[in-house]
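*Asks:* sequence first, predicted coordinates after that:
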Amino acid sequence: MADKDSMHAIFHGPDCAGELDPEFARLFADFAFGEVADHGSLDARTRAMAVCSCLLGCQGAEAFRAYLPQALGMGLTPVEAKELVYQAVAYLGLGRVFPFFKACNEVLAARGVELPLPAQGTVDPGDRQACREAGTGAQVEIFGEGMREFWNSGSRQTVHLRRWLASWCFGGFYTRKGLTLAERELATFCFIAAQGGCESQLASHAKGNMQVGNGEGVLVDAITQCLPWIGYPRTLNALKCIKDAARSLAAG
């Protein structure tokens, strides 16, 4: 589906901007679905993944609901859409992601997708040691060997948080099927960039992305696709984190 067709589907209909705010709809659509969509080298599916992820990050539930059918038409699969929602919980919290479960389920059901989808987990969540070991493996692959014992570091008051980061965030989500490790890390970058105020973590995940194959150009292209949805301040902060991560890796 062409991006201009996506614009039409999102902005036209009862109570939508295309009907009540046609001047704005044209202004936004020509930019987001024209100039921005035409920029960079990401394929349509990856562009859709970046936009869905940033809408999760900025809590744009209604925009997510409107955009998701177009994302599915651009190559994003139902499993991939659900995996983005699931993984967002670790970075945004269920309080902010909860409305997206309903939106995603309703969009998929309207398209005739049978729910629930096939299970994608690869680690028994009841086996906490297995989850921690699998999660640590993912952390090492993304961030390097220095993460091998990170789960057991820090003070007694905070070590549980590092253990849960390994076992629940990385072991629970990054080990799931449906998205590759590189795709999960790119989605995470978009989650964090879109929510704002987490630039330290954003810089770490920019570096992690580069270490799993999402180079500086991929990150710039992804955040470019997010710009119309999250605005300039968070986009510019993300660009600085990308540049800092690239400089850090180049310096060794």
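*Replies:* Yes, it's here.

*Asks:* in which helix or strand does the residue nearest to the spatial centre of the chain reside?
*Replies:* Nearest to the geometric centre of the chain sits Ala187, at 2.6 Å (C-alpha atoms, centre = their mean). Following DSSP states H and E, the helix or strand that holds Ala187 is helix 181-195.

*Asks:* which residues touch Met227?
*Replies:* Not Met; residue 227 is Leu. Neighbouring residues of Leu227 by C-beta atoms under 8 Å, 6 or more residues apart in numbering: Val36, Thr235. Placement of C-beta: from N, CA and C, glycine included.

*Asks:* from Val212, how far out is it?
*Replies:* 23 Å (C-beta to C-beta, to the nearest Å).

*Asks:* kindly report the same for Asn105.
*Replies:* With C-beta to C-beta as the criterion, Asn105 and Val212 are 30 Å apart.

*Asks:* again, but for Phe143
*Replies:* 9 Å.

*Asks:* go on, Ala44?
*Replies:* For Ala44 relative to Val212 (C-beta to C-beta), the value is 22 Å.

*Asks:* could you do Ser53 as well?
*Replies:* 16 Å.

*Asks:* comparing those two, which residue is more hemmed in?
*Replies:* The neighbour comparison of Ser53 against Val212 (other C-beta atoms under 10 Å) goes to Ser53, with 30 against 17.

*Asks:* I figured that one was touching Ala187, is that so?
*Replies:* Yes. Contact criterion C-beta atoms under 8 Å: Ser53 and Ala187 qualify, at 4.3 Å.

*Asks:* wait, doesn't Arg234 sit right on Glu199?
*Replies:* No. Taking contacts as C-beta under 8 Å, Arg234 lies outside contact range of Glu199: 9.7 Å.

*Asks:* flag the shaky bits of this structure, pLDDT-wise.
*Replies:* Within the chain, the ranges that satisfy pLDDT under 70 run 1-18.

*Asks:* just the helices from it, written as ranges.
*Replies:* 3-11, 17-20, 22-30, 44-57, 61-73, 78-92, 94-110, 128-143, 159-164, 181-195, 199-211, 216-230, 232-251 (DSSP state H).

*Asks:* off-centre distance for the fourth one?
*Replies:* Here the centre of mass of C-alpha atoms in helix 44-57, compared against the chain's by C-alpha atoms, centre = their mean, to the nearest Å, lies 6 Å away.

*Asks:* quick one: contacts of it?
*Replies:* 37, 42, 60-61, 63-64, 67-68, 70-71, 74-76, 80-81, 84-85, 88, 91-92, 97, 100, 183, 186-188, 190-195, 222-223, 225-226, 229-230.

*Asks:* got the angle between it and helix 61-73?
*Replies:* Angle, helix 44-57 to helix 61-73, by axes from the mean of the first three to the mean of the last three C-alpha atoms, to 10 degrees: 170 degrees.

*Asks:* shift numbering so it begins at 148
*Replies:* Noted, 148 is the first residue going forward, which turns the last one into helix 191-204.
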